[in-house]
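Undergrad: sharing a model that was predicted from the sequence below.
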2 protein chains.
Amino acid sequence: MRLTDTTQDAVALDGVGPLYDQIRRAIRDLIVSGAWPPGTGVPPEHALMERLGASRMTVHRALVQLAREGLITRRRRSGTIVASPPASHTMFDILSIPDEVRGLGQDYAFRVLERRDGKARSAEIARFELGSAVEIAHLTLLHSADGAPHVLEERVIHLATVPDAATEDFTAMPPGDWLLRHSLWTQAEHAISAVAASATQAGLLGLAEGEPCLLVERRTWNQERPVTAVRLLYPGHRHRFVGRFGPYGNV
Amino acid sequence: MRLTDTTQDAVALDGVGPLYDQIRRAIRDLIVSGAWPPGTGVPPEHALMERLGASRMTVHRALVQLAREGLITRRRRSGTIVASPPASHTMFDILSIPDEVRGLGQDYAFRVLERRDGKARSAEIARFELGSAVEIAHLTLLHSADGAPHVLEERVIHLATVPDAATEDFTAMPPGDWLLRHSLWTQAEHAISAVAASATQAGLLGLAEGEPCLLVERRTWNQERPVTAVRLLYPGHRHRFVGRFGPYGNV
DNA sequence: GCTAGCTAATTGCATATGCAAAAAGCAAGC
DNA sequence: GCTTGCTTTTTGCATATGCAATTAGCTAGC
């Protein structure tokens, strides 16, 4: 089954800038907007050439660049398909906590401590910088690695953007992973800071009150619409985020 | 004055992979190795074409890609020159603390609290993962923003790699910035964690003992040779590192 | 000396052409 | 059915050509 009939979609050139770049952007927009989801077959160069009235080399140049950017993968004879979004591109990327734990060679488990759906309360509005009166699911979870507390997660999901979340109980998969599969995001904002664990947090994480923790806050949007916001509290003495790179890019 | 006579350097092709990519890598290597420092004029396309026996389009393709990667900048008629390494490419990049503070619109100042040159002592060896008996300069500094403590820096500089550091007193410029101008780096490793401020640290930063701080540790190398290692301690409640991006790259 | 305008160097872009390489799918032979 | 090899589709690469756009540097005129 073909997921998407790409012949129906207008690869629309906007006339600004070089032709190859117009083509590149037009296809990129179809991909990032979700019109061509991962796995979709991109028309072959000859087809695009005719549809766009450009030479094959020009179309080729656009596609090669998209491939280098990781938006598409190309194989001779098989053709070109839309790639899955890269799981990670910096050390603060959207990453799955199960993957993170398993990547360390430890057993992963999680537990939903609390859940409440409905209009956001004032504490939540302040903590997550929400608009007033938005409908959210509010979750608190504890992730553990080899049985020991790993990270404490507090999350809100915007039900207006992700209505399916209302009927999902998050027993099979933590909400972060579920959202990666059931929603799209186009923007994310991360902040990292150091805070002292409150009494409650310390209790859940097995720390003494006031111990330093790394707080990772992340908010994601899909085209201006908020998707989710999460605060991840990592025990500081047990955790480091590490990255390695050179002046001209990651290695 | 021409910094570098590029006509003397061998743009050496290795015969592996596509020609345009061999050319790209050959020129990239001359740049990242320091043979063509920033500002060096890259030979024009016609010259490379003759020297390499390739067509102009092929040479062009290599140069266009290097330009997109930020290694060179190109202007019609003026030609192509080696670009300065990008100051920053993720939120944990090598960045100048003066720039960081001034970017927040605050006044910057710094003070060297302590300095000792000589063989590394055991505490330093442990803290910075040094080899034994390496010659280092060991510095402690306090950076301030609008008169208030901003970050506490503890740094070692490998004198074998950067001998000039021995005769520099770091009054005009903090060592981080000085190193950016007086040494090359090809690799860096960052780690970020949360720690409690010790009594001494708390005193210098104007905190209470035990308050959470963000600890950024960074080590840099130039082709396997260690250049410097630094531990930056930021008051946690006053500091956040923020980054914003989309699934397909920074915005 | 100064300015306006020309010249020429250099990169940017698009096209056409031809061949190479990979690999999916088909056909022939066993 | 299974394998072998051929055909054909699709991308990958290199070249040649021609023109456009930019602009450094020169020149002529004042």
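TA: Right, received. Where do you want to start?
Undergrad: can you pull the buried residues of stretch A:185-202?
TA: A:185-188, A:190-197, A:201-202 (16 or more other CB atoms under 10 Å in any protein chain shown). Yep, even glycine has a C-beta here, placed from its N, CA and C like the rest.
Undergrad: and stretch A:126-142, by the same measure?
TA: Buried residues in stretch A:126-142 (16+ other CB under 10 Å): A:128, A:130, A:134, A:136-142.
Undergrad: ok, the residue in the stretch 151-251 of chain A positioned nearest to DNA strand C to residue B:227 distance?
TA: In the stretch 151-251 of chain A, the residue that lies nearest DNA strand C is residue A:248 (18.8 Å; CB to the nearest atom of the strand). Per CB to CB, to the nearest Å, residue A:248 is found 16 Å from residue B:227.
Undergrad: could you do residue A:30 as well?
TA: 45 Å.
Undergrad: still on that earlier bit, looking at residue A:248 and residue B:227, which is more packed in?
TA: Set residue A:248 next to residue B:227 and count neighbours by other CB atoms under 10 Å in any protein chain shown: residue B:227 wins out with 22 against 17.
Undergrad: now the more buried one. Nearest residue, chain neighbours left out?
TA: Sequence neighbours aside, residue B:220 is the residue nearest to residue B:227 in space, at 4.7 Å (criterion: CB to CB, 6 or more residues apart in numbering or on different chains).
Undergrad: report the buried residues of stretch A:106-122.
TA: A:108, A:110, A:120.
Undergrad: sheet partners, orientation included, of the host helix or strand of the second one?
TA: Under DSSP states H and E, the secondary-structure element containing residue A:110 is strand A:108-119. Sheet pairing here is set by DSSP bridges, and for strand A:108-119 it gives strand A:135-145 (antiparallel).
Undergrad: so for the strand it pairs with, mean pLDDT?
TA: Averaging pLDDT along strand A:135-145 yields 96.
Undergrad: reformat the buried residues of stretch A:106-122 as TSV; add pLDDT.
TA: TSV is the format used below for those (pLDDT from 0 to 100):
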residue	pLDDT
A:108	95
A:110	97
A:120	95
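Undergrad: name the nearest of those relative to DNA strand C.
TA: Closest approach between these and DNA strand C, by CB to the nearest atom of the strand: residue A:108, at 34.7 Å.
Undergrad: per-residue confidence at residue A:1?
TA: pLDDT, residue A:1: 42.
Undergrad: and residue A:10, by the same measure?
TA: For residue A:10, pLDDT reads 75.
Undergrad: and residue A:6, by the same measure?
TA: 66.
Undergrad: and the gap between the residue lying closest to residue A:171 once chain neighbours are set aside and residue B:120?
TA: Distance criterion CB to CB, 6+ apart; nearest residue to residue A:171, sequence neighbours excluded, is residue A:112 at 7.6 Å. To residue B:120, residue A:112 is 49 Å away according to CB to CB.
Undergrad: just the helices in chain A please.
TA: A:19-32, A:45-52, A:56-68, A:97-103, A:122-128, A:175-182, A:199-205 (DSSP state H).
Undergrad: quick check: which of those helices is nearest to residue B:101?
TA: helix A:122-128 (27.9 Å; CB to CB).
Undergrad: so how far is the closest one from its chain's centroid?
TA: Helix A:122-128 sits 22 Å away from the centroid of its parent chain (CA atoms, centre = their mean, to the nearest Å).
Undergrad: likewise stretch A:155-168?
TA: Distance, stretch centre to chain centre, for stretch A:155-168: 15 Å (CA atoms, centre = their mean).
Undergrad: please identify the buried residues of it?
TA: A:155-159, A:161-162, A:165, A:168.
Undergrad: for the residues you listed, give me CSV that also has pLDDT.
TA: Listed next are these as CSV, based on pLDDT from 0 to 100:
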residue, pLDDT
A:155, 97
A:156, 97
A:157, 97
A:158, 97
A:159, 96
A:161, 95
A:162, 95
A:165, 96
A:168, 96
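Undergrad: now, which of those lie within strands?
TA: If you go by DSSP state E, the buried residues of stretch A:155-168 have A:155-158 in strands.
Undergrad: could I get those residues as CSV with distance to residue B:56?
TA: Shown next, in CSV, are those (distance: CB to CB, whole Å):
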residue, distance to residue B:56
A:155, 55
A:156, 56
A:157, 55
A:158, 53
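Undergrad: as TSV, those residues with distance to DNA strand C would be great.
TA: Output for those, formatted as TSV (distance: CB to the nearest atom of the strand, whole Å):
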residue	distance to DNA strand C
A:155	41
A:156	44
A:157	40
A:158	40
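Undergrad: what pLDDT does the model give residue A:25?
TA: pLDDT, residue A:25: 96.
Undergrad: gap between it and residue B:163?
TA: In this view, residue A:25 and residue B:163 are 50 Å apart by CB to CB.
Undergrad: one more: residue A:213?
TA: Relative to residue B:163, and taking CB to CB, residue A:213 is found at 42 Å.
Undergrad: before we move on, what about residue A:159?
TA: Residue A:159 is 62 Å from residue B:163, by CB to CB.
Undergrad: what do you get for residue A:130?
TA: Taken as CB to CB, the span from residue A:130 to residue B:163 is 56 Å.
Undergrad: which residues does residue A:63 contact?
TA: By CB atoms under 8 Å, 6 or more residues apart in numbering or on different chains, the contact set of residue A:63 is A:27, A:42, A:45, A:48, A:72, A:74, A:80.
Undergrad: who wins on neighbours among these?
TA: residue A:27 (26 neighbours).
Undergrad: quick check: that one touching residue A:66?
TA: Yes - the pair residue A:27 / residue A:66 is scored as a contact, 6.1 Å apart, by CB atoms under 8 Å.
Undergrad: what touches both of these two?
TA: Counting by CB under 8 Å, 6+ apart, the residues touching both residue A:27 and residue A:66 are residue A:72.
Undergrad: for the residue in the stretch 51-200 of chain A that chain B sits nearest to, list each beta-bridge partner.
TA: Proximity of the stretch 51-200 of chain A to chain B (CB to the nearest CB) peaks at residue A:194, 2.9 Å away. With DSSP bridges applied, residue A:194 shows beta-bridge pairing to residue A:214.
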